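Participant: Okay, structure incoming, though there's no sequence with it:
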């Protein structure tokens, strides 16, 4: 088995679920390489155990400025059809983008890969969809949130041609089932939730601090709801309360968030902190008393699936106050945490005040939250559908080749 994993940007702080999945596959003996459309970077110089050993397995596909055709030796009618559909979908930028498929197909052949797996229903899987056919390899795909609901490309075509399509939450699974054009395609859609390496996340409930420490984490983008959170922190009901709030992340809204902190006179209570990785990230969770997840649906329809930040908070025994935006309701329930309406600063402020008044009801829910993580979000268990698929595909190719 030799697996090619196609992603967008790697490494990327907000997509450690991909790194964890790849690390678990390597532990299971799957030989894999990552092919990324763009090289990324990690905070703190890249010292993150979740990504350890993966950078040297990652190849950045070169960007092509002038269009080139795939080698005529490998051209067929289906390949021409796929490239034409991709170019129609992508518009004027297609000629440069689709050329990555040419490079990827050659690398797949030269590296004697046996399977292609793409993350995201957007450009990475479009390139993988073309290249896998050119290299005559089976294809599978994992879809997540924005990529399937906002940025999806040729979704019905990919469902038809993929051996499996994995989703990390039920909302995406149900959406894909509606996109199936043929009855047999429905069995290709597999719910495979993200998982945590639980040995790295011991359950450690703690007594509340004298001055409550509140943590929120994520990219500084609209769907994370940090503008709503800062509006709640400046609410009259919290104005005289003593607490410390850390917003952990970075992104295009940082300047706007800083202006909001200044406008609400929150400088003594609220700190914006750069992203942290590995043990440093887990230390932020362990040193906090409550985790806030004010995530919401952005104006363009973008919303989260099941954020890994909530998984990590639950696993470590940290109470969570958040919303049911996107697919968060699949994890955050009245039994596991506190849920408020999205885009509602007053409701969020009321929930924060309730925690500050008496943390005990919130802390009491952490045992149930940890039980959900152990039952449904254990990485070692959740990766099994991928391992099974790759094993079956590999055995099928081995038998066809006549090898033992």
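Facilitator: Now that the structure is in, tell me what you want to look at. Worth saying up front: this structure is predicted, and the values here are computed from it rather than measured. Numbering: from 1, shown residues only.
Participant: thinking residue 338 is in contact with residue 351, fair?
Facilitator: Yes: shown here, residue 338 and residue 351 form a contact pair, counting by C-beta atoms under 8 Å, at 5.4 Å. Just so you know, the C-beta spots here come from the backbone N, C-alpha and C atoms, and that holds for glycine as well.
Participant: Scan the helices and strands of the protein for the one with the lowest mean pLDDT.
Facilitator: helix 94-97 (a mean of 69; mean pLDDT, DSSP states H and E).
Participant: following that helix, which helix or strand shows up next?
Facilitator: Next along the chain after helix 94-97, taking DSSP states H and E as the criterion, comes helix 99-110.
Participant: Please state the mean pLDDT value computed over that following helix.
Facilitator: For helix 99-110, the mean per-residue pLDDT is 91.
Participant: helices or strands next to that helix in the packing?
Facilitator: Secondary-structure packing of helix 99-110 (3 or more C-beta pairs under 8 Å, 6 or more residues apart in numbering; DSSP states H and E): strand 2-12, strand 31-41, helix 123-134.
Participant: so which of the ones you listed gets nearest residue 302?
Facilitator: strand 2-12 (15.2 Å; C-beta to C-beta).
Participant: what residues are up against the residue lying closest to residue 359 once chain neighbours are set aside?
Facilitator: Using C-beta to C-beta, 6 or more residues apart in numbering and skipping the chain neighbours, the partner closest in space to residue 359 is residue 208 (4.5 Å). Residues in contact with residue 208 (C-beta atoms under 8 Å, 6 or more residues apart in numbering) are 289, 359, 363.
Participant: Looking at neighbours, which among those is most surrounded?
Facilitator: The residue in the contacts of residue 208 with the most neighbours, by other C-beta atoms under 10 Å, is residue 289 (22 neighbours).
Participant: Just to check, residue 201 is in contact with residue 282?
Facilitator: Yes: counting by C-beta under 8 Å, residue 201 does reach residue 282; the two are 7.2 Å apart.
Participant: higher neighbour count, these two?
Facilitator: Set residue 201 next to residue 282 and count neighbours by other C-beta under 10 Å: residue 201 wins out with 21 against 17.
Participant: quick one, phi psi at the more buried one?
Facilitator: Main-chain torsions, residue 201, degrees, to the nearest 10: phi -130, psi 70.
Participant: so which helix or strand takes in the closest residue to it other than its chain neighbours?
Facilitator: Computed as C-beta to C-beta, 6+ apart, the closest residue to residue 201 that is not its neighbour in sequence is residue 315, at 3.8 Å. Residue 315 belongs to helix 308-316 when assigned by DSSP H and E.
Participant: Show me what that helix is packed up against.
Facilitator: Counting contacts by 3+ C-beta pairs under 8 Å, 6+ apart, helix 308-316 is packed against helix 278-286, strand 290-293, strand 320-323, helix 366-376.
Participant: Kindly calculate the angle that that helix makes with helix 366-376.
Facilitator: Interaxial angle, helix 308-316 versus helix 366-376 (axes from the mean of the first three to the mean of the last three C-alpha atoms, to 10 degrees): 110 degrees.
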